[in-house]
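J.: One predicted model, sequence on top.
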Amino acid sequence: MDKDQDSCEPSATISSLVPYFPTISVDPGQTGVTATLIRQMHPTPDGKKRGSICTFDSFFIQESVPPNRCTMDEIRNNRRKHTRVRLNVGGTVHEVLWRNLKRIPFSRLGKLRAANTHERIIQLCDDYSLEQNEFYFDRNPTAFTCILNMYRVGRLHIMDDICVISFLEELEYWGLSEHWMETCCQGKYYHKKEMVHEELRKINESFELQEKGETIACGKFARSRQRIWNIMEKPQTSIAARVSLTHQAPSDSAVQVFWWRDTGEVKPHARRPKPEYFY
């Protein structure tokens, strides 16, 4: 580079370089791409016209614009062009009318219909393509069949072969409520939900007992303490535990009888008067 040409400082910013470097060549990519600034024949502060190419090895783009990013005008034109939309949920494509999504405006799909910026759309779906008029959601496709039925016919049903907990998570993701479910499905849905919660409660209790057993099985007399614990709390573990339960039952019954007698809750039966015979 000639002496009369200005040296390019790594600390230069875009705002100070734009008047002298109107052409900016950037390799498309992610954050941290080295930018090559091409200075054309434009006047410099000293009034001379120079042309040079400067490469800033330490100049990084803070925010890169993805090549598939769509503008607001492109999004609005796409909505005017298409009356239907393709929803790709977990690889299964559904096609629905845009106006049907307006039925539940505060749901995820209702908000997607009203979204007109790239930032807003990408918050509501995982990916999209205006060329294919398709929006992608990485969610359960089986549950979405029931959810989309809510927009089409206004009724929410549940399939028999779907997990109720998974279905509840999908409802929360799509912005729907389980209280909107039809009467024909409410009974089996809440029954399955209670059964699952009961099973989860039993599993948690078994884990807690297992943790207690592991805590007891520590120390100098760990084996003896574990045997005593099993005999007292787990009658199904050994014959001794079952025998202990058999002997413990009469003792508990006797204690209960004495308690009833002392508290007066059980009153002795009054003696029946002797019958009087008349001759």
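T.: Nice, I can see it. This structure is a prediction, so every number in the text was calculated from the model and none was measured.
J.: Please make it C-alpha for all contacts and neighbour counts, starting now.
T.: Noted.
J.: so where do the strands sit in the stretch 1-150 of the chain?
T.: Along the stretch 1-150 of the chain, the segments classed as strands by DSSP state E, counting those that start in this stretch run 23-26, 34-43, 49-60, 84-89, 92-97, 127-129, 134-137.
J.: what's the shortest one in contact with?
T.: Strand 127-129 has contacts (Cα atoms under 8 Å, 6 or more residues apart in numbering) with 122, 134-137.
J.: tell me the two of the residues you listed that are most distant?
T.: Within these, 122 and 134 form the most distant pair, 12.6 Å apart (Cα to Cα).
J.: didn't residue 116 look like it was pressed against residue 75?
T.: Yes - when contacts are counted by Cα atoms under 8 Å, residue 116 is listed as touching residue 75 (6.0 Å).
J.: Domain-wise, how is the protein divided?
T.: 14-60, 72-183, 217-257 (automatic domain parsing).
J.: Now the weakest link among these, please, by mean pLDDT.
T.: If you rank these by mean pLDDT, domain 14-60 sits at the bottom with a mean of 41.
J.: Among the contacts of strand 127-129, name the buried ones.
T.: Neighbour counting with 16 or more other Cα atoms under 10 Å marks 134-137 as buried within the contacts of strand 127-129.
J.: State the number of residues packed around the residue nearest to residue 122 when sequence neighbours are not counted.
T.: Residue nearest to residue 122 in three dimensions, not counting chain neighbours: residue 128, with 7.8 Å by Cα to Cα, 6 or more residues apart in numbering. By the criterion of other Cα atoms under 10 Å, residue 128 has 20 neighbours.
J.: where do the helices sit along the stretch 101-250 of the chain?
T.: 108-114, 118-124, 141-153, 164-174, 183-216, 222-233, 239-263 (DSSP state H, counting those that start in this stretch).
J.: list the helices and strands the fifth one packs on?
T.: Contact here means 3 or more Cα pairs under 8 Å, 6 or more residues apart in numbering; DSSP states H and E; on that basis helix 183-216 packs against helix 164-174, helix 222-233.
J.: Mind listing what's buried along stretch 98-118?
T.: 98, 100-102, 104, 107-113, 115-117.
J.: nope, stretch 85-100 is what I was after
T.: 85-89, 92, 96, 98, 100.
J.: so which pair among the residues you listed is furthest apart in space?
T.: It's 92 and 100 that sit farthest apart of these, by Cα to Cα, at 18.9 Å.
J.: Next, the contact list for residue 175, please.
T.: 106-108.
J.: mind giving me a markdown table with those and columns for distance to residue 81?
T.: Shown next, in a markdown table, are the contacts of residue 175 (distance: Cα to Cα, whole Å):
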| residue | distance to residue 81 |
| --- | --- |
| 106 | 24 |
| 107 | 24 |
| 108 | 22 |
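J.: So which of those residues is the closest to residue 174?
T.: Using Cα to Cα, those come closest to residue 174 at residue 108, 5.1 Å.
J.: May I ask you to confirm that the closest one is in contact with residue 124?
T.: Yes - counting by Cα under 8 Å, residue 108 does reach residue 124; the two are 6.5 Å apart.
J.: Okay, the nearest residue to residue 147 once chain neighbours are set aside and residue 204: tell me how far apart.
T.: Nearest residue to residue 147, sequence neighbours excluded (Cα to Cα, 6+ apart): residue 156, at 6.7 Å. Relative to residue 204, residue 156 is positioned 32 Å away (Cα to Cα, to the nearest Å).
J.: In terms of neighbours, single out the busier of those two.
T.: residue 156 (21 against 12).
J.: ok, now how distant is that one from residue 98?
T.: From residue 156 over to residue 98 the distance is 19 Å, taken as Cα to Cα.
J.: Same check on residue 170?
T.: 21 Å.
J.: Tell me who's in contact with residue 146.
T.: 156-159.
J.: what's in contact with stretch 103-114?
T.: Contacts of stretch 103-114 (Cα under 8 Å, 6+ apart): 98, 101-102, 121, 124, 151, 173-176.
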